[in-house]
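Colleague: what's the 3D shape of this:
(2 chains)
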Amino acid sequence: MASVRALVVAGNGTNCERETAFACLSAGAERADIVPIWDLLAGEARLGDYNFLLLPGGFMDGDDLGSARAAANRYRRARIAGSERRLLDDLGEFVSRDTLVLGICNGFQLMVKLGLLPEPRRLEQRVTLTFNDSGRFEDRWVAMACDPKSPCVFTRGIERLELPVRHGEGKLLAAPGVLEDLGLRNLVPLRYLDPATGRPTEEYPANPNGSPDGAAGLCDESGRIFGLMPHPECFLHRTHHPRWTRLPDLPEEGAGLRIFRNAVSALR
Amino acid sequence: MGRIEVACRLEVRDAPGERLTRRIRQELLIPVERVRCVDVFTVDAALSREELEGLARECFQDPVSQEAAVDRPLGLGCDFAVAVSYRPGVTDNVGRTAREALALYLDRPLPEGAAVYTSRHYLLWGPLSREQAERIGRELLANALIQNISVLSGDEVARRGFPPNLPRVELGPRPEVQTISLERSDESLVALSRERVLALSLAEMRAIRDFFRGEEFRALRRQRGLPMDPTDVELECLAQTWSEHCKHKIFNARIRYREGDAPEETVDSLFEECIRGTTREVRAARGPADLCLSVFSDNAGVIRFTDEWSLVFKVETHNSPSALDPYGGALTGIVGVNRDPLGTGQGARLIFNTDVFCFASPFRDEPVPRGLLHPRRILEGVREGVEHGGNKSGIPTVNGSLVFDERYLGKPLVFCGTAGLLPARLHGRPGHEKRARPGDRIVMAGGRIGKDGIHGATFSSEELHQNSPVSAVQIGDPITQKRLSDFLLRARDEGLYHSLTDDGAGGLSSSVGEMAREAGGCRLDLTHAPLKYPGLAPWEILLSEAQERMTLAVPPDKLPRLLALARRYQVEATDLGCFDESGLFEVSDHGRVVALLPMDFLHDGLPRLDLLARFVPPRQGPWRAPARPQGELLHQMLGRLNICSKAYWVRQYDHEVQAGTVQKPLVGARDDGPADAAVFRPLLDSFQAVAVAHGICPRLSDFDAGVMAECAVDEGVRNAVAVGADPDRLAGLDNFCWCDPVQSDSNPDGDRKAGQLVRAGRGLRRVCLAYGVPLISGKDSMKNDAVIDGRRISIPPTLLFSVLGLMPDARRAVSMDAKAPGHTLFVLGTTRDELLGSELQAHLGARGGFLPRVQTEAQLSLYRALYRAIQDGCVASCHDCSDGGLAVALAESAFAGDLGMVADLTRAPRQGDMGDTELLYSETPGRFVVTVPPERLEDFSRHMRGQPAQRVGEVTAAPRLVIRGLAGGVVLDEPVEALRQSWLRPLDF
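Modeller: Alright, predicted model coming up:
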């Protein structure tokens, strides 16, 4: 059985690293190291030592040039000390191995802006995550449905899921036809759901940002690289649910943990 | 120099532009049709056109959603364009990030002067006049205090465009140190204090003069080659250290106090009597159960949490800066208070924020007095500042409130709190202990020094000229601080420093001055202090309140590792001298000593302040509410600004990052019920939790500030108990925001305000002692007045009482929403005829009746019984009765649960002669609305034996609130959905 060695990148404005690492360990990973991006750039920690990369939520570089844009520039341009390599070179190598990548919120924004999604081999930005239709940051819980035909290993066996979103730039956007095509290829594993109809929705607030066809996340064709706006690391225990005091039948374990359990299984 | 413009592609929906369009129409009533935002980056460095284009493409523009242009305007075809840029020296966070992106893109370090300046062009379409475009700029898009605004018509944009935006700070060479003789007349001393904005009284100026006459001190100065007169560095440093802000002169004053007809008495020090003394007595009474670890000695208070971890808590205010620039002021407030727990003990990791704002009504339609901002604007700016400060720092905002009163027009109150988690032991020492040692290096880490915040808000905008940096207003920089705090926690764990503190008010002068007390002296060298721009005088470097800085005491053998780690984290850290045992605070610059002050005099040399205070008890007597239909009245009350939903704010703050928020601010069936308090679980693998609550009742100050303080303490405690906190394991934190209590010609009723302060201090003491709640930290802000056109607007004296309450198990937390039909409805606590100062009277514009009184013994007994019932799992929901009394609590509990309720007032525990309206809206403290599942009724009743707890009705599936009056008939029967709508609508922007 392969061991699961998770690397949770922190630093420079990332702020969900602790609960993300905790989720990995709770799901059975042997290791979950919180590594500041500065240690990667100093050459003191290496992607090559891990098989599960997690890019958690936060505000890298304050999202000052748009969400994760300055951070993407840093991954592309900053050199690893003592070498000519850039972080993106190591990232390209990492995804070419039999590894997993999970980007959450700001991490997902980074993946999209690096071009790691939807086509990690090309590393060219084809879609973006832009401002919510409401024009504002919001923290609210949303219901989602998973595409059962998606190759995404993270959402395997999950039909429905409730998680919090906490973002101001979560609306997927691409040239005409691109997102439809991704949907048809089942690369949109997760969609915001109208709890009343049980169908994907573009209506606020069930869809918190106006993302077309309710798209809440994307994966690549292998299903091993996955990014999503909602926060699965924030639903690890029933007490994370906003209505837990009125839902006596809610299971003890939070549903967000299933995403991490699936990742660990896929690496075994 | 080059200019890059970036904007949303035309075919892409421009959500920020749409939001602005809505706001301009709603708030300014100007019929703008469309707004498009263009981000402008002015690159002040020698770059080729190809480099500029590459930079735009790779770093500034989103290739999918945005277009970019180099050295040509994107703003064509609009009717008007408003350009907004920062004035020189104002923190430009996006510009700083853009500069880093540029250096990465070019793959080479940039020369010292190279910069990227950001500005924004707002393109407006619609039937507008130039005046309207200017008004949009002035009243919504920009703040002229920190920003330049210029307006061009569409034609002008096409013909000439906006000039380049290059707000370089240009000062002359570093000014020389000056000496200032204090051998002058009293009038001249007072004039000197005023002209140099020292804010020192005559007595204080004389004390300094007399000290400089001392023979021993003169001999020392002679020996060290210093002039006999003080230098400007010394005078400014003393003024700063002796400021009200740093020394709390009013709380330490000797007060001659008269209450009613009682003989005059002397209050030796309110701080000693009411705050420190209260805590001392509570701690002694608690004995081994005492929670306190470090109180009043550090940047924040520290209490025991588990065997391994301690909790750190501090609440600050940032009122004046928020009045001038709501966004920057509030942002600086929150990231500023973050540094208090971060700089407490050996350094705490930040776990949650709280915020409480006091504003005038945002719906004010009369013009605001000159020099003040419209409350709606303050509210939006403060909201956004705290949003950015909290969210970008990854700290959940878990608790807060909004309080409205017209008198906050003159000065809004912005309270920002932060808690941290500190290892109980670190490197063989208690985590809450720190001590700089002689020989330790003085290291400043974080941001650079500028004119920011020098002399606080006393500079007026008239004194600014085109290239002078704006000093009055600061803008916090969350990302610089996040890097700093990540770095510090790592340095802490590696044991790289002995002590640290934040550079807040008073800058290096305060931080180094405080830490020098731990060691016994210091030699601070300003020569290499990192500056934002050259040309600062030594005293300015010493006093600058530039943000995001911390000072560390670093043992020399750890210095190389510390500096290397800082470089790795992209944190600037600079060695600025060393701590010693000389007993002196010594400052040098370029090889010359510019200040030399004995530590004893610096910290303890100031004379005591004497104050006069008096209090006249208010008249009280019976009052009856006018007859009104109860349904209509309840709808109106639910829509009152102090009662209605604050979901608009709450949703824009991340309240659950760090995955510890067990009780969120919004609860219930539709995630919109107002939680009484937050419950937070700081350790991911443990259910040990802390409840976070507060109380604030400024309206009562109009009658008796003592009652105001008592009720605030009780409200804070009650809220914590309502969610399940242990009433015997609470800690309190007091923030006094007062109007000027120092009597003078321009402040003739200062003695009355001082009297209110004495009353409030004693009220605080009475209830804290009775409940056994220690005060662990606090802050006061004493000059919350605005004098506009000769008219003084003073805030109502306001005490914010914040509470941390320990909970053994987060899974026992209780929320306020009714849970299921058939649950029994209880009212806990006796209602008395106490409507004076109530929200009902504010609504009716009436005055009368009696003030609420905290009956400490009976209430504490009830709180303990409730805690036991909650621990036993008997309570389905619990909601405290505060603003709007029983009526509002019942309605909120019902609609938050999406369920109905029937309640019979004849059964409610009560005392005295009241009608339905009085019973429903009295604000007697110590009451709750509780629902209990049928299978636990017996147990609950057992817990409540001997308590004023009565079954008044039940929760129903039929979604109506039905209340039977004292006469037996139904007096109110309303659909809960309609009640919810009345409550949701007023502040749903």
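Colleague: alpha carbons only for contacts and neighbour counts from here, please
Modeller: Noted.
Colleague: Kindly report the residues of the stretch 151-268 of chain A close to chain B.
Modeller: A:166, A:173-175, A:233-235, A:239-243, A:245-246 (C-alpha under 8 Å from any C-alpha of the partner chain).
Colleague: quick check, stretch B:45-55 touching chain A?
Modeller: No: between stretch B:45-55 and chain A, judged by C-alpha under 8 Å from any C-alpha, nothing touches; the nearest distance is 10.0 Å.
Colleague: so where do the strands sit in chain A?
Modeller: With DSSP state E applied, chain A shows strands at A:5-10, A:31-36, A:52-55, A:100-104, A:127-130, A:138-146, A:160-167, A:171-174, A:190-194, A:199-200, A:217-219, A:225-228, listed in chain order.
Colleague: now swap in the stretch 1-150 of chain B and tell me
Modeller: B:2-8, B:34-44, B:66-70, B:80-86, B:115-125, B:147-153 (DSSP state E, counting those that start in this stretch).
Colleague: which stretch among these comes nearest B:Asp503?
Modeller: strand B:80-86 (24.3 Å; C-alpha to C-alpha).
Colleague: quick check, the closest one touching chain A?
Modeller: No: using C-alpha under 8 Å from any C-alpha, we find that strand B:80-86 stays clear of chain A, coming within 15.7 Å at best.
Colleague: chain center to that strand: distance?
Modeller: 30 Å (C-alpha atoms, centre = their mean, to the nearest Å).
Colleague: Would you list the strands that that strand pairs with, along with their directions?
Modeller: Applying DSSP bridges to the sheet, strand B:80-86 is found paired with strand B:115-125 (antiparallel), strand B:147-153 (antiparallel).
Colleague: what element comes up after the shortest one heading to the C-terminus?
Modeller: From strand B:147-153 onward toward the C-terminus, using DSSP states H and E, the following helix or strand is helix B:154-159.
Colleague: thinking again about what came up before, dump the strands of the stretch 1-150 of chain B into CSV; add mean pLDDT as well.
Modeller: CSV is the format used below for the strands of the stretch 1-150 of chain B (pLDDT from 0 to 100):
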stretch, mean pLDDT
strand B:2-8, 95
strand B:34-44, 96
strand B:66-70, 96
strand B:80-86, 96
strand B:115-125, 97
strand B:147-153, 95
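Colleague: Tell me which of those lies nearest to B:Gly577.
Modeller: Here strand B:115-125 is closest among these (C-alpha to C-alpha), at 29.7 Å.
Colleague: what element comes up after the lowest-mean-pLDDT helix or strand in chain B heading to the C-terminus?
Modeller: Every helix and strand of chain B was ranked by mean pLDDT, DSSP states H and E. The lowest is strand B:785-788, at a mean of 79. Downstream of strand B:785-788, the first helix or strand assigned by DSSP H and E is strand B:791-794.
Colleague: So which bits of that following strand are buried?
Modeller: B:793-794 (16 or more other C-alpha atoms under 10 Å in any protein chain shown).
Colleague: Name the strands paired with that strand and say parallel or antiparallel.
Modeller: Under the criterion DSSP bridges, strand B:791-794 sits next to strand B:785-788 (antiparallel) in its sheet.
Colleague: on that earlier part again, got the strands of the stretch 1-150 of chain B as CSV, with mean neighbour count columns?
Modeller: Formatted as CSV, the strands of the stretch 1-150 of chain B follow (neighbours: other C-alpha atoms under 10 Å in any protein chain shown):
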stretch, mean neighbour count
strand B:2-8, 23
strand B:34-44, 23
strand B:66-70, 20
strand B:80-86, 26
strand B:115-125, 24
strand B:147-153, 20
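Colleague: In JSON lines: the strands of chain A, plus mean neighbour count.
Modeller: Below are the strands of chain A laid out as JSON lines (neighbours: other C-alpha under 10 Å):
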{"stretch": "strand A:5-10", "mean neighbour count": "24"}
{"stretch": "strand A:31-36", "mean neighbour count": "20"}
{"stretch": "strand A:52-55", "mean neighbour count": "25"}
{"stretch": "strand A:100-104", "mean neighbour count": "24"}
{"stretch": "strand A:127-130", "mean neighbour count": "26"}
{"stretch": "strand A:138-146", "mean neighbour count": "22"}
{"stretch": "strand A:160-167", "mean neighbour count": "23"}
{"stretch": "strand A:171-174", "mean neighbour count": "21"}
{"stretch": "strand A:190-194", "mean neighbour count": "28"}
{"stretch": "strand A:199-200", "mean neighbour count": "18"}
{"stretch": "strand A:217-219", "mean neighbour count": "28"}
{"stretch": "strand A:225-228", "mean neighbour count": "28"}
